[in-house]
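Enquirer: show me the folded form of this:
(2 chains)
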Amino acid sequence: MTSTRDLVQDERDQFAFHDDIVYLRETKRGLTRDTVEEISRFKEEPEWMLQYRLRAYDHFLKRTMPTWTEGLTDIDFDKIVYYRKPSEREEKSWDDVPEQIKKTFEKLGIPEAERKFLAGVGAQYDSEVVYHSVREELSNIGVVFMGTDQALKEHPEIFRKYFGTVVPAEDNKFAALNAAVWSGGSFVYVPKGVEVPLPLQAYFRINGENTGQFERTLIVVDEGAKVHYIEGCTAPIYATDSLHAAVVEVVALAGSKVRYTTIQNWSNDVYNLVTKRAHAYARSTVEWVDANTGSKKTVKYPAIYLRGEGATAEVISVAVAGRGQHQDTGAKAVHLAPNTTSRIVSKSVSKDGGRATYRGQLKVSPGATGVTASVRCDALMLDDQSRSDTYPYIDINEDDTTMTHEATVGKVSAEQVFYLMSRGLTENEATNLIVQGFLEVFTKELPMEYAIEFNRLVKLEMEGSLG
Amino acid sequence: MTEVAEPSSAPAPARTERTPRRAPAALPFSFVDRALVEGIADAHAEPGWLRADRLAALERFEALPVESNLLYTPYLDLRAASLDDAAPYTGLDGSMAGAVAPEGIAGLIEMREDGLAARSIDAKAAADGVRLLTLPELVATDEALARSLIDGAPLLPVQEKLAELSRAAWTAGIVVHVPAGVRVERPIVLRWSLGAPRTLVGRTLIILEDGAEATVVEELVANDAALPGAQALLSATTEIRLGAGARLAMASLQELGPDHVVFQQRRAEIGEGADLRWALAQLGGRLVRSRVDNVLAGDRSTVEQVEIVFGSDDQLHDLTSYTRHVGRDTTGQLLSKGVLLDRARTYMKGLIQIEKTAIGTDSFLGEFGMNLSRSARAVAIPSLEIDQPDCRRAAHASSVGPIDENQLFYLESRGIAPDDARKFIVLGFLEPVVARVPLEEAQDRLRDALEAKWAAGLATTGSATAA
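Expert: Numbers count the residues shown, from 1 in each chain, chains lettered A, B, ... in the order given. Below you'll find the model as predicted:
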């Protein structure tokens, strides 16, 4: 099957490019108080934000490195560039985007995606939003979709009201780091009763060796409103370690519905340490649909705090861990109000010595009566060099909770492979098909273009391992 | 995800008059030191290797944290224990009572905090070469065997501070030794009884040589010297080795008093084709911290562990089990069930580890809780760590819920009063362990104890009916 392998190599090359960009502004390597002040000054931020950043910086220094997951102590904070600005101003239309950056996006297929499907684009190229367009009709119904930096300037009231309320700077070491040096990310506000008809999409991409990405996303969905936000990431391949420490805050007010979909495919040198959390108020629904195929190490547990009566949470988490990768992912549901419901589904695949870890927390607080919660974790291991762990924490403080948790770990069955091969598939194709079937619970939740892209990513991972 | 406990900050200067609360992981006693350990070795006139082993253990004890598994550090709370006055007797009274084994059992040994209270063995077992000894007796009569079992602590759980406590400071020890091929028909009863506010630090060694079979019932009871309101500590290990093809059924009924603090570390090394069956019941105690390690070392070895907890008042039962699959085609079946009344807390932590060598493993871990009070708290952490995917089964399941309304309705529709129906359902939920207790008399006592506890729960708070 040489032709398949060539094709695969072509596809790999497509994602492994690196443009030589002239960075107009960037901070010196390493993190000091000056770095934080410099970033705030570059951005001409109000004083309260500078103070917020400095407080977070102090907390970051104080906080010890987490030891419950391995490998984080390898991060060298002094080698990282904390802020880069690829172009001087925010671009309003595609034509104004600098040619070199545009070429990168074109290779990723963004313009087409926009024409066909996008409701708006926020593309992060290193640390600043360089291209951002919101379709006119969305603006007309009052939906705000812009870079987080821009929102701080243009929508200061709503920004300040919610920023840092879901994930406080003191939440964990990497949330503190993000709060100190955050840059870029998306800001979404959907007004009362407005249903955004198409998904909002943001493409994120790291470029540049040792570039830290500290984007900050804040999504506020007002009462009875509805939105689906999608982010996907690809990154070029470098030898040294990059750090991505993002914070995503979602506020789902009463009766609203939010879905947040992520396809994470950072290159295999990136530390991806993300704090994602949503507050779900009365009768709202929050869904995290989260896939992790790339990065060297991902530590991410999308969380939902069910704060209002009748709120619903759903997390679908998928991880594929290949050679040299550790996907430490999972989900958290914290029930704080009566009659709330949560469902967590996790699927992981580990192969070629990769390690997939599910870590989850399900908590029912005193007073949260009538809770229904379920957790389902399935892991597939493709060889005996790989490792799979499941660490669920279930903490129930009420007497009428109904909670179920199930987990299984297994391998691709020889019978299934044999059956498919007897129908004319090669062993690789058969295994690939079985893995895709295993992950279908996730894929079927994606818009079609993303489902195709995701299956292609999985195929790339599989071919890379078996070919 | 899991909050890592930060070092508690020093109290503010203005409030120095308040004594700072003890940290959850701080040890509630301070009696262990070199003088104590040397004193115990002197009192027993121990050989040099044993003294050296105690001192090595003391060093380990001082170096280790109470919980060395970072997965579980968020759920560790020793604050309910207050053992400032606790100290063991250095030398125990060797005089004994009861030379004849009671009807229906093969042997009995009873250990109190101040000495050996009873010991007997029936003629048949003695003739077969079964040994039921105190640990000092084994050291005196068969030093080679004693040394092989305790020097370097080959059978103790590793990285376990409280096991090192017993290894350093044990004053009482029980040895059950069954020679190869010997089948002990009737149960052997090992009774540990605890009373006054003193400490009993002990070890139990159960060694079944190749092809041996035995049934052991362990009873942990409060004796008449118990002083209400004064806490006492029982810290004890159980070290089990099963030779090829050996079979052991081991039941343990923990019915200590409401002021007793219990630290238990048990570990079993299971040889080729050997079979171990645990039936563990936790009813008493103010604070119980228990750890069971099953090491399925031999090919085709099997373990079944069934554990129940019935917590009420302010009881905290903190239970951990490790099942490590090393040999080929091994089987692990673990089931934990908890019923909680009042403000009781139960932590059920379980970890299945499947090593690379463990091809063909079948492993299941189930943790099920029934919260019957709004103030009760059940925590379940059923974890998996898998390095070998070629398994028959690797799964866990967990649920927490109230009494099943359908079952209740069914029983009530048959004319059973609601309170009785609840009792039947709860006791039925716990019956799997009761039915596995190998001694009829002990089974009956356990059923009575469970019923009494249920009745007391009804009487004091009415919480049992509040579901």
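Enquirer: pretty sure residue B:424 contacts residue B:416?
Expert: Yes - the criterion here is C-beta atoms under 8 Å, and residue B:424 meets it with residue B:416 at 7.0 Å. Heads up, the C-betas are built off the backbone N, CA and C, glycines and all.
Enquirer: give me the common contacts of the two.
Expert: Counting by C-beta atoms under 8 Å, 6 or more residues apart in numbering or on different chains, residue B:424 and residue B:416 have no contacts in common.
Enquirer: burial of residue B:452, as a residue count?
Expert: Residues contacting residue B:452 under the criterion other C-beta atoms under 10 Å in any protein chain shown number 11.
Enquirer: look up phi and psi at it.
Expert: Backbone torsions of residue B:452, given as degrees, to the nearest 10, read phi -60, psi -40.
Enquirer: how close does it sit to residue B:445?
Expert: As judged by C-beta to C-beta, to the nearest Å, residue B:452 and residue B:445 stand 10 Å apart.
Enquirer: what is in contact with the two at once?
Expert: The overlap between the contact sets of residue B:452 and residue B:445 (C-beta under 8 Å, 6+ apart) is empty.
Enquirer: how many neighbours does the residue in chain A positioned nearest to chain B have?
Expert: Nearest residue of chain A to chain B: residue A:381, at 3.3 Å (C-beta to the nearest C-beta). Residue crowding around residue A:381 was assessed by other C-beta under 10 Å; the count is 27.
Enquirer: my guess is it contacts residue A:409, does it?
Expert: Yes - Residue A:381 is within contact range of residue A:409, at 6.7 Å (criterion: C-beta under 8 Å).
Enquirer: which residues are in contact with each of these two?
Expert: Any residue near both residue A:381 and residue A:409 by C-beta under 8 Å, 6+ apart counts here, and that gives A:388, B:386, B:389.
Enquirer: need the nearest residue in space to the last one, chain neighbours excluded.
Expert: It stands for residue B:389. Leaving aside its sequence neighbours, residue B:389 sits nearest to residue A:381 (C-beta to C-beta, 6 or more residues apart in numbering or on different chains; 3.3 Å).
Enquirer: ok, the one you found - contacts?
Expert: Listed by C-beta under 8 Å, 6+ apart, the contact partners of residue A:381 are A:349, A:350, A:351, A:387, A:388, A:409, A:410, A:411, B:386, B:389.
Enquirer: which residues sit in contact with the fifth one?
Expert: Read it as residue A:388. A:348, A:350, A:355, A:356, A:357, A:379, A:381, A:409, B:384, B:385, B:386, B:389.
Enquirer: just these now: which is nearest residue B:327?
Expert: Distance to residue B:327 across the contacts of residue A:388 (C-beta to C-beta) is lowest for residue B:386, with 15.6 Å.
Enquirer: now the closest one, which residues is it bridged with?
Expert: Residue B:386 has these beta-bridge partners by DSSP bridges: residue A:388, residue B:354.
Enquirer: what count of nearby residues applies to it?
Expert: Applying other C-beta under 10 Å, we find 28 residues neighbouring residue B:386.
Enquirer: tell me the contacts of it?
Expert: A:379, A:381, A:387, A:388, A:389, A:409, B:352, B:353, B:354, B:394.
Enquirer: report pLDDT for it.
Expert: pLDDT, residue B:386: 93.
Enquirer: returning to that earlier point: adding distance to residue B:310, write the shared contacts of residue A:381 and residue A:409 out as CSV.
Expert: Output for the shared contacts of residue A:381 and residue A:409, formatted as CSV (distance: C-beta to C-beta, whole Å):
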residue, distance to residue B:310
A:388, 34
B:386, 32
B:389, 38
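Enquirer: in which helix or strand does the residue in the stretch 101-250 of chain B positioned nearest to chain A reside?
Expert: Chain A sits closest to residue B:159 of the stretch 101-250 of chain B, with a gap of 14.8 Å, by C-beta to the nearest C-beta. Counting by DSSP states H and E, no helix or strand carries residue B:159.
Enquirer: excluding chain neighbours, give the residue nearest to it in space.
Expert: Counting by C-beta to C-beta, 6+ apart, the residue nearest residue B:159 is residue B:68, at 4.2 Å.
Enquirer: would you agree that neighbour falls within a strand?
Expert: No - secondary structure of residue B:68 (DSSP: H, G, I helix; E, B strand; the rest coil): coil, not part of a strand.
Enquirer: still on that earlier bit, of the contacts of residue A:381, which belong to strands?
Expert: Using DSSP state E, the members of the contacts of residue A:381 that fall within strands are A:349, A:350, A:387, A:388, A:409, A:410, A:411, B:386.
Enquirer: biggest separation within those residues, which pair?
Expert: Maximum pairwise distance in the ones in strands among the contacts of residue A:381, criterion C-beta to C-beta, is 14.0 Å, between A:387 and A:410.
Enquirer: okay, the two: which has more neighbours?
Expert: Legend: neighbour count by other C-beta under 10 Å for residue A:387 and residue A:410, higher for residue A:387 (22 against 19).
Enquirer: and for the residue nearest to the more buried one when sequence neighbours are not counted, the neighbour number?
Expert: Sequence neighbours aside, residue A:355 is the residue nearest to residue A:387 in space, at 4.3 Å (criterion: C-beta to C-beta, 6+ apart). A count of nearby residues for residue A:355, using other C-beta under 10 Å, gives 23.
Enquirer: how far away is residue A:355 from residue B:387?
Expert: Using C-beta to C-beta, residue A:355 is found at 10 Å from residue B:387.
Enquirer: list residues touching both of those two?
Expert: Common neighbours of residue A:355 and residue B:387 are listed as residue A:387 (criterion: C-beta under 8 Å, 6+ apart).
Enquirer: name the element residue B:206 belongs to?
Expert: strand B:199-208.
Enquirer: ramachandran coordinates for the residue in the stretch 251-400 of chain B that chain A sits nearest to?
Expert: As assessed by C-beta to the nearest C-beta, chain A sits closest to residue B:389 within the stretch 251-400 of chain B, at 3.3 Å. In terms of degrees, to the nearest 10, the main-chain angles of residue B:389 are phi -80, psi -10.
Enquirer: helices or strands up against the one helix or strand residue A:313 maps to?
Expert: Using DSSP H and E, residue A:313 maps to strand A:312-321. Judged by 3 or more C-beta pairs under 8 Å, 6 or more residues apart in numbering or on different chains; DSSP states H and E, the packing partners of strand A:312-321 are strand A:270-280, strand A:285-292, strand A:303-306, strand A:326-335, strand A:341-350, strand A:355-364, helix A:440-443.
Enquirer: what is the last one packed up against?
Expert: By that I understand helix A:440-443. strand A:312-321, strand A:341-350, helix A:448-466.
Enquirer: for chain A, what are the nearby residues on the stretch 251-400 of chain B?
Expert: Along the stretch 251-400 of chain B, the residues adjacent to chain A under the rule C-beta under 8 Å from any C-beta of the partner chain are B:356, B:369, B:371-391, B:393-400.
Enquirer: just the buried ones from these?
Expert: Neighbour counting over those (16 or more other C-beta atoms under 10 Å in any protein chain shown) leaves B:369, B:371-391, B:394-400 as the buried ones.
Enquirer: among those residues, name the ones in strands.
Expert: Using DSSP E, B:369, B:371, B:377-386, B:394-400 are the members of these that sit in strands.
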